[in-house]
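Asker: Return atomic coordinates for the entry below.
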Amino acid sequence: MRLGVKPLTFLVRLLVFFGLTYVLWIPVAPGYTYVLASLTRGFLHVTESLADAHGQVTEMEVRQTKENRPAIFFAHRLYPQVVQSGIPAEWVQANLVLLIPLMLAVPARSWVQRFGRLGAALGIALALQVLDIAVTVKAMYASFEPLGYGAVSSWLYQFADAFTQSMDTQLFPFAIWAGIHFKQLMGWDLAPSTPAQPVPSSRVEQQSRKKKAAKRAASRG
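Answerer: Residues are numbered from 1 along each chain as shown. Have a look, this model is predicted:
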């Protein structure tokens, strides 16, 4: 059996799962924001301990913006004036609202396989989100002269920040989805073929005798 992707069926499933994900993600988003902030803070502290002479300098917390929306605020412990606004949580998480329906809409041999693929996709997305926030923080630090970033490092962080912000919600969900389902989308995902059942020997002998009898009857006629 070929687990192909039928366009119309896939579109209907995608729209249904998108609506469910959009509604169910609303109560999940605040808790996920705290998890994301904690993981990013830990990742930044590791990089700062290895490469920054000041050690662990980034302070990070989740607060509400003036528009009453959750955001991840960060500050340099020695230069608190670096940051003027936080990173909107909805900007970071927007790719999940698209990625989850994409993963669930593709047919699978079982729900275990489908949710296994979804788990792998969410793990990759989480790692990319942590990296995105870390790059944004470093780009802000690079633009602040007293921190001592060189011209090359500053340019690289600014470029990486612009790239991740433009591609995160547009490219990354499709790249993860297509990468996990590559063989299936290309039509290469085939179920193992069922071996042909051997014909009983008695049946073969019976058919052989019938053929010989038919030949003798034809020769006599």
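
Asker: Just say helix, strand or coil for residue 75.
Answerer: At residue 75, secondary structure determined by DSSP: H, G, I helix; E, B strand; the rest coil is strand.

Asker: mind listing what it touches?
Answerer: The neighbourhood of residue 75, defined by C-beta atoms under 8 Å, 6 or more residues apart in numbering, consists of 58-60, 82-83. In this view, the C-beta of every residue, glycine as well, is placed from N, C-alpha and C.

Asker: Quickly name whichever of those residues is closest to residue 146.
Answerer: Among the contacts of residue 75, residue 82 lies closest to residue 146 (C-beta to C-beta), at 9.1 Å.

Asker: from what I can see that closest one touches residue 142, true?
Answerer: No. Judged on C-beta atoms under 8 Å, residue 82 makes no contact with residue 142 at a distance of 10.4 Å.

Asker: tell me the two of the contacts of residue 75 that are most distant?
Answerer: Set against one another by C-beta to C-beta, the contacts of residue 75 have their most distant pair in 60 and 82, with a gap of 12.5 Å.

Asker: still on that earlier bit, specify which residue of residue 82 and residue 142 has the higher count of neighbours.
Answerer: When neighbours are counted by other C-beta atoms under 10 Å, residue 82 and residue 142 differ, and residue 142 comes out ahead with 21 against 17.

Asker: surely the more buried one meets residue 151?
Answerer: No. Counting by C-beta under 8 Å, residue 142 does not reach residue 151; the two are 9.6 Å apart.

Asker: Next SSE downstream of the longest helix along the chain?
Answerer: Taking DSSP state H as the criterion, the chain has its longest helix at helix 7-51. Later in the chain than helix 7-51, the nearest helix or strand by DSSP states H and E is strand 58-64.

Asker: all strands of this protein, in order?
Answerer: For the chain, the strands defined by DSSP state E occupy 58-64, 70-76, 87-88.
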